[in-house]
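Visitor: Model the structure of this input:
(chains A, B, C and D, ligands or ions: 4)
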2 protein chains.
Amino acid sequence: MTNEDKKELSPAMEDYLRTIYKFEEKGAMVTTSMISESLGVAPASVTKMMKRLASMDLVEHEPYRGVGLTANGEKAAAEMARHHRLIELFLTEVVGVPWDRVHDEAHRLEHALSEYLEDRLADILGDPKVDPHGQLIPCKDGRVAVRNLRMLWELEQGTRGVVAEIEDHDPALLRYAAERTLFPGTEICVVERDPYGGSVIVALGAERCAVGQDAARQIWIETNDTTS
Amino acid sequence: MTNEDKKELSPAMEDYLRTIYKFEEKGAMVTTSMISESLGVAPASVTKMMKRLASMDLVEHEPYRGVGLTANGEKAAAEMARHHRLIELFLTEVVGVPWDRVHDEAHRLEHALSEYLEDRLADILGDPKVDPHGQLIPCKDGRVAVRNLRMLWELEQGTRGVVAEIEDHDPALLRYAAERTLFPGTEICVVERDPYGGSVIVALGAERCAVGQDAARQIWIETNDTTS
DNA sequence: TGCAGAATTGAGCCGCGTCTAAAAATAACC
DNA sequence: GGTTATTTTTAGACGCGGCTCAATTCTGCA
Ligand SMILES: [Mn+2]
Ligand SMILES: [Mn+2]
Ligand SMILES: [Mn+2]
Ligand SMILES: [Mn+2]
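Guide: Ligands and ions are numbered 1, 2, ... in the order given. Got it, this is the predicted structure:
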């Protein structure tokens, strides 16, 4: 019945969808300017594309308020996220590309990955669940595990947790994290917070290190408290 | 001085250039209709693109006669051919993709491969000289070895040689060749030619097999005769 | 509550890469 | 060698995905 089942999405559309997806993952509401900035494109271009995507039932656009993915849109976006993250992991694990370089490469390659190759990569990597930066890899049907992540920056003093995810678009941040051995999986404890906004002091086993605000806002921690 | 050194080429332009390159490799003169057919695009689109490429000094276009790559164009095209063929080899060797599927995948991926990744692949593969179908991989500066190839179809009875190359765009042909163990490197001898155009009978060691005309026109043999 | 500044949208433009239909040049054939 | 068939080019159109600039809407603050 629904005769527009398999729209062929352009690379540009895929980029927009994955960008929105990335923000929604973090629970943020998604505005024109966020997309505009993240994609390096004029705000008016975003608006125009949102209309197009809305007409394809991939996005819901509330003028002047923001956008959100529809069920269809989320499906397509998860697909892209899966491509992107599988490629990132493949590049680090198999090709030997350092983790601060894989994002840009994956960004270019994701649109060119066939379903067949996607399956081959997943196979070789043993059906991985997370990419090199800790981002969840959606499975084929688009489903993802749910996690309760909190910004390192917002944790109260004394909180314990595990590094879950580090924003992957800025190579310098990734190197900054690596210098402090803040990798996904690293256990940490917040020792001290400068109330006037400088750094968080974090303990990693016996070591401790300072993490500046800008970085601490881009590092996500999984805590074991039951914030119901 | 020359301020237009590094034009950024669009994927479409890269496709046109690599297509012309592919024909020139085989010593053919390149016409609008050949490109049109090979790229699945209207002849008028080819003409228009040829003008654009000519204005960028990548192509020389003699109206109504044909086109050829300039030095710049050949550089750029060799770059694409290198990408394409490195990817094909990587996919067969590392990812385990069968040789009749790699062409289409490489065709999509080639435009998204950075110089950095290109180098990584070449490294992993040990600076290879030929792709899975026997096509030569240009080195970074665009240089390629010279070979003296002849169509299997045009060899006289009794000629000995080695399979050098099999056209890679048609998966069925590649499977056809594989069934007969006609891989790059296989030694063969032409036992018999049907003068009325059916098949060539080829000996491979003790075995022999028939190769139909359409296939024999797409299989290239390196012979050891000194055709000076 | 009204207003200034910021965010968003609308209108209109542009280049790319495609198409179709018609004109022009070349090639084939009798 | 002239006529016909084929190939190629020209002309004009279109959709996409960007942009700029102006109009609109929303927000924060006096
Ligand atoms: Mn996929
Ligand atoms: Mn990542
Ligand atoms: Mn290259
Ligand atoms: Mn090949």
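Visitor: Write out the residues of chain A neighbouring DNA strand D.
Guide: A:10-13, A:15, A:40-42, A:44-45, A:48-49, A:52, A:63-65 (Cβ under 7 Å from any atom of the strand). Where C-beta positions appear, they are placed from N, C-alpha and C, glycine not excepted.
Visitor: switch to 10 Å and redo it
Guide: A:7-16, A:31, A:36, A:39-49, A:52-53, A:55-56, A:62-66 (Cβ under 10 Å from any atom of the strand).
Visitor: List only buried entries from the residues you listed.
Guide: A:9, A:13-16, A:31, A:36, A:39, A:41, A:46-47, A:49, A:53, A:56, A:66 (16 or more other Cβ atoms under 10 Å in any protein chain shown).
Visitor: Out of those, which two sit at the greatest distance?
Guide: A:9 and A:31 (22.3 Å; Cβ to Cβ).
Visitor: got a pLDDT number for residue A:21?
Guide: At residue A:21, the model reports a pLDDT of 98.
Visitor: OK, contacts around it?
Guide: A:69, A:74, A:77, A:78, A:80, A:81 (Cβ atoms under 8 Å, 6 or more residues apart in numbering or on different chains).
Visitor: Please repeat the previous calculation with a cut-off of 10 Å.
Guide: Going by Cβ atoms under 10 Å, 6 or more residues apart in numbering or on different chains, residue A:21 touches A:30, A:69, A:73, A:74, A:76, A:77, A:78, A:79, A:80, A:81, A:84, A:138.
Visitor: cool, and residue A:218?
Guide: A:151-153, A:165-170, A:173-174, A:176-177, A:211.
Visitor: now residue A:66
Guide: Contacts of residue A:66 (Cβ under 10 Å, 6+ apart): A:20, A:23, A:28, A:29, A:30, A:31, A:32, A:34, A:35, A:50, A:60.
Visitor: The same query, at a cut-off of 6 Å, please.
Guide: A:29, A:30, A:31 (Cβ atoms under 6 Å, 6 or more residues apart in numbering or on different chains).
Visitor: and what of residue A:117?
Guide: Here residue A:117 is in contact with residue B:105 (criterion: Cβ under 6 Å, 6+ apart).
Visitor: Let's see that with 10 Å instead.
Guide: For residue A:117, counting by Cβ under 10 Å, 6+ apart, the contacting residues are A:83, A:86-87, A:90, A:109, B:91, B:95, B:97, B:101-102, B:105, B:108-109.
Visitor: Over to residue A:157?
Guide: Residue A:157 neighbours (Cβ under 10 Å, 6+ apart): A:189, A:190, A:191, A:192, A:193, A:195, A:200, A:201.
Visitor: From the contacts of residue A:218, which land in helices?
Guide: A:173, A:174, A:176, A:177 (DSSP state H).
Visitor: thought the first one was touching residue A:219?
Guide: Yes. In this structure, residue A:173 is within contact of residue A:219 by Cβ atoms under 10 Å, at 8.5 Å.
Visitor: list residues touching both of these two?
Guide: A:166, A:167.
Visitor: now the longest helix seen in chain A: how far from the chain's centre is it?
Guide: In chain A, assigned by DSSP H, the helix with the most residues is helix A:71-90. Distance of helix A:71-90 from the chain centroid (Cα atoms, centre = their mean, to the nearest Å) equals 10 Å.
Visitor: Can you name the element that comes right after it?
Guide: Of the helices and strands lying after helix A:71-90 in sequence (DSSP states H and E), the nearest is helix A:102-109.
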